[in-house]
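Q: predicted structure and sequence below. I'll ask about it afterward.
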Amino acid sequence: MNTYQNSQLGKLIFGVMLIPISILLYVYWIEDDLKLSLVLIIIGVILLITILFYQLTIKIEDKIIHIIFGIGLVRFKIKPDTITTTEIIKYPWYYGYGIRFTPKGSWLYNISGTQAVFIHYKKNGMQKKVLLGSNDCENLKDFLDNHF
């Protein structure tokens, strides 16, 4: 059984999440009326978001593409019946990170960078498209081309 797996750490999310935590702690330090419980709840929410989206793992096994964010609570499966084409594309930075619907009419799953494997496939007789952002696009494309 052939499998593929690649995990990519989203370094940007750590920097982005440190900014509101730092500001919140600074405001708590200088402001007497700010409740500690409120500060801890907000920091907890920020840390939860970080834990849910700190990395992206693309795993392919048993003809199923698994897209797993963070610790695995946010995950998707793609069961393509037939992949018609795959190509490596560079998409604009403003497509953003995370889970997005793009102007290309496809879902984008990514955590950093601006390069993805653009997959066209059929599912239940309908044409579908998905962009899988990766720091390992060449190997991902090769695996898909050789196993689907």
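A: Done, it's in.

Q: next, name the residue at the spatial heart of the protein.
A: N110 (3.5 Å; C-alpha atoms, centre = their mean).

Q: helices of this structure, start to end?
A: Secondary structure of the chain by DSSP state H: the helices cover 11-30, 36-53, 137-147.

Q: just those: most buried one?
A: helix 137-147 (a mean of 16; mean count of other C-beta atoms under 10 Å). Every C-beta, even on glycine, is put in place using the N, C-alpha and C of the backbone.

Q: and that helix, what does it pack onto?
A: strand 4-9, strand 55-61, strand 82-90, strand 115-123 (3 or more C-beta pairs under 8 Å, 6 or more residues apart in numbering; DSSP states H and E).

Q: the nearest residue to E61 once chain neighbours are set aside: how many residues sit nearby?
A: Among residues not flanking E61 along the chain, T3 sits closest, at 4.3 Å (C-beta to C-beta, 6 or more residues apart in numbering). Using other C-beta atoms under 10 Å, T3 is surrounded by 10 other residues.

Q: tell me the contacts of T3?
A: Taking C-beta atoms under 8 Å, 6 or more residues apart in numbering, we find T3 in contact with 59-61.

Q: pick the one among the residues you listed closest to K104.
A: Closest to K104 out of the contacts of T3 is I60 (21.7 Å), distances taken as C-beta to C-beta.

Q: so how far is the worst-scoring helix or strand of the chain on mean pLDDT from its chain's centroid?
A: The weakest-scoring helix or strand in the chain, judged by mean pLDDT, DSSP states H and E, is helix 11-30 (a mean of 86). Offset of helix 11-30 from its chain centre (C-alpha atoms, centre = their mean, to the nearest Å): 22 Å.

Q: G133: neighbouring residues, count only.
A: Neighbours around G133, by other C-beta under 10 Å: 24.

Q: make TSV out of the contacts of T3 and add neighbour count.
A: Shown next, in TSV, are the contacts of T3 (neighbours: other C-beta atoms under 10 Å):
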residue	neighbour count
K59	15
I60	19
E61	12
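
Q: can you put the residues you listed in TSV and add pLDDT?
A: Shown next, in TSV, are the contacts of T3 (pLDDT from 0 to 100):
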residue	pLDDT
K59	97
I60	95
E61	91
